[in-house]
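Undergrad: sharing a model that was predicted from the sequence below.
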Protein chains: 2
Amino acid sequence: MKVANPTSRDIADLAGVSQATVSRALRNSPLVREETRNRIQAIARELNYFVNRNAAGLRTHQSNTIALLLFDETGGKDAQINPFFLSMLGYITRSAAELGYDVLISMQQLTDDWHIEYQASHRADGLILLGYGDYMTYREKLQALSQANTRFTIWGPTINEQPGHSIGCDNVAGGLLATRHLLGTGRRSIAFVGNTTRRFPELAARYQGYRLALDDFGLEARPELRVDENDLRDLGRRGIEQLLENGQEFDAVFAVTDAIAIDAIHALQENGYDVPGDVAVVGFDDIPLAAHVTPTLTTVRQDIREASEALVKGIVGLIEGDPVESSLMEPSLIVRESCGAKA
Amino acid sequence: MKVANPTSRDIADLAGVSQATVSRALRNSPLVREETRNRIQAIARELNYFVNRNAAGLRTHQSNTIALLLFDETGGKDAQINPFFLSMLGYITRSAAELGYDVLISMQQLTDDWHIEYQASHRADGLILLGYGDYMTYREKLQALSQANTRFTIWGPTINEQPGHSIGCDNVAGGLLATRHLLGTGRRSIAFVGNTTRRFPELAARYQGYRLALDDFGLEARPELRVDENDLRDLGRRGIEQLLENGQEFDAVFAVTDAIAIDAIHALQENGYDVPGDVAVVGFDDIPLAAHVTPTLTTVRQDIREASEALVKGIVGLIEGDPVESSLMEPSLIVRESCGAKA
DNA sequence: CTGAAAGCGCTTACAG
DNA sequence: CTGAAAGCGCTTACAG
């Protein structure tokens, strides 16, 4: 009676029907009489039978699986994933599950060559790429994917020439929001710490927003208040030190990421400045730490949940042949202490 | 020449060999002459051919995939995964990849019934369970898994009666480490805030360590300095308030998790106590926040990387039939400011 | 060293 | 509504 690893044939024997009918019943086919269907499903449940996904996938050419490829920035040394992407993971997993897809995760390095392997090997029906925002660097990889007819969605800036579907944050709007807020609280000498080149299109867009906000106020973006570095590590500290060494006066800092902003706050404090009394600071991302540093960090938040769901809907749309569109999420300002707007 | 979705038969035709030889060559079988093997592999590479995992899995009854089941504490409301587990994810993924396994992630709720589905459906060869440390609560689930012959490893306390393989932290040693350190800096009235019951075996073990350390010093664990609550939320604050209301005098607190410790520090500060001047505080876990609160938190760290690798090795061992043993990781003390040992 | 053949466990047209 | 049959693309004894 109890079979160790039951197959649909075992269920069929027990139910006194053909194996084909079992298959239909388990997929809830309306072709099977309800009574028969219930009987078969009851037996399957009792035997702890589950459809062999390998066999089903072989027939249907589907895996009902999405591969989530996280770009490994550390090059394999450390396995600490960017916390921002990590926080998307939960939402991605959940919305994939709601649509009937499993999520396979993989950390990929730039030298890895197996991005296309996932779909070609039928392990996944499509890919979600996190951390490949810098189009210039990943161009060849993305084009190879595209040429291999791999379905993929990217979290990152939407660029016209870029192949594939992408979901991103409206970084221009975010930079505008942050800078306008600082202007609104009376700050007029706002330093920018980050990067403004094509190397980091998302950061460049935030700078654009910064400029637009200044423009609106009839102010100019002063180049001497701009810290523009390719290496983002420790940039908060280095940026502040650079500004101070150059004798610049400023009453606010717009840092392109929270990590940089928090680093900058520490550097300011160590140099005897009060934040936000002397210098207001606004970041970008709203990482968990932002609410816990002293002073708590005012920042621009991207709706991670909405973004995650859009990514999943995007890739599932591509898989199932529904029309999908690249889109931008609207960021919002989270006002805390570091900008001085709150008591 | 170029085939859209090439199969091993296409490769065989192009190479002028049988499909069986292609299969052997791609698996690096020594049965195939080297020259032939190289020729076949070159053709496969050129056509972007990858073995269909569904077909291979159907034949071999393997998926080369591990399912990572994260217990969803929020019951589906929020998809924010416990950051401690999230930080294990990277290491788990990487070491699984090194052993040739993919990782499928899933967030499960207590009511979900599909834990065994992963292996039964041949989607995964085994499971890693994170967040199922409270054996009493999950007992039935774990036993069901065990009865279905599902291979699994758990991160959590090792209990004799518990089915399956488990990797945990030596929580007794951790509690000992924390308490001994406080004693070493001259503190003598050390409050314990947490839980000491079987409901949270890991926390109970930390309390045991606390007692052992006091014992070693010829001190008694005073019950009036023990806060023992089942609800861990806001316990830091509630615990401190409870101690103060009861008029207890204490010069140190060992909090059973960092979250509780940080909460306790805030409560102490709001009640006019200086940390660590008046009261020293030590936590447990070394969450990212610990290094960023004021004062920075002295805590006990579990080696996440080592633990992750042990989990993967454990489940792969079970899958491949190698002998595996449950084991305990040695925690280490991270000395920061909140214990007063540092300037 | 290589090939012909069986079979893994499904899904789905086709026939009734 | 149900069954018999083909076939998805591999792996691996078996035979040579």
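TA: Here it is on my side, so go on.
Undergrad: up against DNA strand C, what does the stretch 1-150 of chain A have?
TA: By C-beta under 7 Å from any atom of the strand, the residues of the stretch 1-150 of chain A that approach DNA strand C are A:5, A:7-9, A:19-20, A:23-24, A:26-27, A:49, A:51-52, A:55-56, A:58-60. (Each C-beta comes from the backbone N, C-alpha and C, glycine too.)
Undergrad: and if we set it to 6 Å?
TA: A:7-8, A:19-20, A:23-24, A:27, A:51-52, A:55-56, A:58-60 (C-beta under 6 Å from any atom of the strand).
Undergrad: show me which of the residues you listed neighbour DNA strand D.
TA: When contact is defined as C-beta under 6 Å from any atom of the strand, these meet DNA strand D at A:20, A:58, A:59.
Undergrad: among the residues you listed, name the buried ones.
TA: residue A:58 (16 or more other C-beta atoms under 10 Å in any protein chain shown).
Undergrad: let's have the ones next to DNA strand D among the residues of the stretch 1-150 of chain A next to DNA strand C in CSV, adding pLDDT.
TA: Below are these laid out as CSV (pLDDT from 0 to 100):
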residue, pLDDT
A:20, 93
A:58, 95
A:59, 95
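Undergrad: hmm, back to that, can you pick the most crowded of the residues of the stretch 1-150 of chain A next to DNA strand C?
TA: Using other C-beta atoms under 10 Å in any protein chain shown as the neighbour test, these are led by residue A:8, with 22 neighbours.
Undergrad: so it is in contact with residue A:23, correct?
TA: Yes: counting by C-beta atoms under 8 Å, residue A:8 touches residue A:23, with 5.6 Å between them.
Undergrad: following the helix or strand bottoming out on mean pLDDT in chain A, which helix or strand comes up?
TA: In chain A, no helix or strand scores lower on mean pLDDT, DSSP states H and E than helix A:135-147, which sits at a mean of 79. Counting by DSSP states H and E, the next helix or strand C-terminal to helix A:135-147 is strand A:152-155.
Undergrad: in contact with the residue in the stretch 101-250 of chain A that DNA strand D sits nearest to, which residues?
TA: Residue nearest to DNA strand D within the stretch 101-250 of chain A (C-beta to the nearest atom of the strand): residue A:122, separated by 7.9 Å. Contacts for residue A:122 were tallied using C-beta atoms under 8 Å, 6 or more residues apart in numbering or on different chains; they are A:57, A:61, A:63, B:52, B:53, B:54.
Undergrad: residue B:107: which of these is nearest?
TA: residue A:63 (19.5 Å; C-beta to C-beta).
Undergrad: which pLDDT does the model give that closest one?
TA: At residue A:63, the model reports a pLDDT of 94.
Undergrad: what segments of the stretch 1-150 of chain A are strands?
TA: Secondary structure of the stretch 1-150 of chain A (DSSP state E, counting those that start in this stretch): strands located at A:65-71, A:102-108, A:126-130.
Undergrad: kindly export the shortest one (C-alpha atoms) in CSV.
TA: What follows is strand A:126-130, C-alpha atoms only, in CSV (Å, rounded to 0.1, in the frame of the first residue of the first chain):
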residue,chain,number,x,y,z
GLY,A,126,14.2,33.7,-16.8
LEU,A,127,16.6,35.8,-14.7
ILE,A,128,16.4,38.7,-12.4
LEU,A,129,19.7,40.7,-12.2
LEU,A,130,20.6,42.7,-9.2
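Undergrad: coming back round to it: counting by contacts, list what the least confident helix or strand of chain A packs against.
TA: strand A:152-155 (3 or more C-beta pairs under 8 Å, 6 or more residues apart in numbering or on different chains; DSSP states H and E).
Undergrad: distance from the chain centre to the strand it packs on, please.
TA: 9 Å (C-alpha atoms, centre = their mean, to the nearest Å).
Undergrad: hmm, that strand in reach of chain B?
TA: No: Strand A:152-155 does not reach chain B (C-beta under 8 Å from any C-beta of the partner chain); its nearest approach is 15.3 Å.
Undergrad: which residues does that strand contact?
TA: Here strand A:152-155 has contacts from A:85, A:88, A:126-133, A:142, A:145, A:162, A:164-168, A:307, A:311, A:314-315, A:318, using C-beta under 8 Å, 6+ apart.
Undergrad: are any of those buried, and which?
TA: A:85, A:88, A:126-133, A:142, A:145, A:162, A:164-168, A:307, A:311, A:314-315, A:318.
Undergrad: point out where chain A drops to low pLDDT.
TA: In the prediction, chain A carries residues with pLDDT under 70 at positions A:1-3, A:73-81, A:110-111, A:133-136, A:158-162, A:343.
Undergrad: which stretches of it form helices?
TA: In chain A, the helices defined using DSSP state H lie at A:8-15, A:19-26, A:34-46, A:53-60, A:83-98, A:117-120, A:135-147, A:171-184, A:201-216, A:235-245, A:258-270, A:304-320.
Undergrad: returning to that earlier point: looking at the ones next to DNA strand D among the residues of the stretch 1-150 of chain A next to DNA strand C, which is nearest chain B?
TA: residue A:58 (4.2 Å; C-beta to the nearest C-beta).
Undergrad: who are the contact partners of that closest one?
TA: Counting by C-beta under 8 Å, 6+ apart, residue A:58 has contacts B:52, B:54, B:55, B:58.
Undergrad: repeat that for residue A:287.
TA: With C-beta under 8 Å, 6+ apart, residue A:287 has these contacts: A:83, A:84, A:258, A:259.
Undergrad: filter the residues you listed down to the ones near chain B?
TA: residue A:83.
Undergrad: highest neighbour count among the contacts of residue A:287?
TA: So for the contacts of residue A:287 (other C-beta under 10 Å), the most neighbours sit at residue A:258, 25 neighbours.
Undergrad: next up, phi/psi of the nearest residue to it once chain neighbours are set aside, please.
TA: Residue nearest to residue A:258 in three dimensions, not counting chain neighbours: residue A:283, with 4.0 Å by C-beta to C-beta, 6 or more residues apart in numbering or on different chains. Backbone torsions of residue A:283, given as degrees, to the nearest 10, read phi -110, psi -160.
Undergrad: my guess is residue A:283 contacts residue A:253, does it?
TA: No: in this structure, residue A:283 is not within contact of residue A:253 by C-beta under 8 Å, at 9.1 Å.
Undergrad: which residues are in contact with each of these two?
TA: residue A:261.
Undergrad: what comes up buried for stretch A:26-38?
TA: Going by 16+ other C-beta under 10 Å, stretch A:26-38 has these buried residues: A:26, A:32, A:36, A:37.
Undergrad: flag every residue of the stretch 1-150 of chain A that's near DNA strand D.
TA: A:17, A:18, A:20, A:21, A:31, A:32, A:33, A:36, A:58, A:59.
Undergrad: how many neighbouring residues does the second one have?
TA: Taking other C-beta under 10 Å as the neighbour definition, residue A:18 ends up with a count of 13.
Undergrad: how about the residue nearest to it when sequence neighbours are not counted, what does it touch?
TA: Nearest residue to residue A:18, sequence neighbours excluded (C-beta to C-beta, 6+ apart): residue A:12, at 5.8 Å. Residues in contact with residue A:12 (C-beta under 8 Å, 6+ apart) are A:18, A:19, A:21, A:22.
Undergrad: among the contacts of residue A:122, name the buried ones.
TA: A:57, A:63, B:52, B:53, B:54.
Undergrad: close enough to count as contact, the last one and residue A:64?
TA: Right, the one you point to is residue B:54. No: with contact defined as C-beta under 8 Å, residue B:54 does not count as touching residue A:64 (11.1 Å).
Undergrad: who touches both of these two?
TA: Contacts common to residue B:54 and residue A:64, judged by C-beta under 8 Å, 6+ apart, are A:53, A:57.
Undergrad: what's around residue A:214, how many residues?
TA: Around residue A:214 there are 21 residues (other C-beta under 10 Å).
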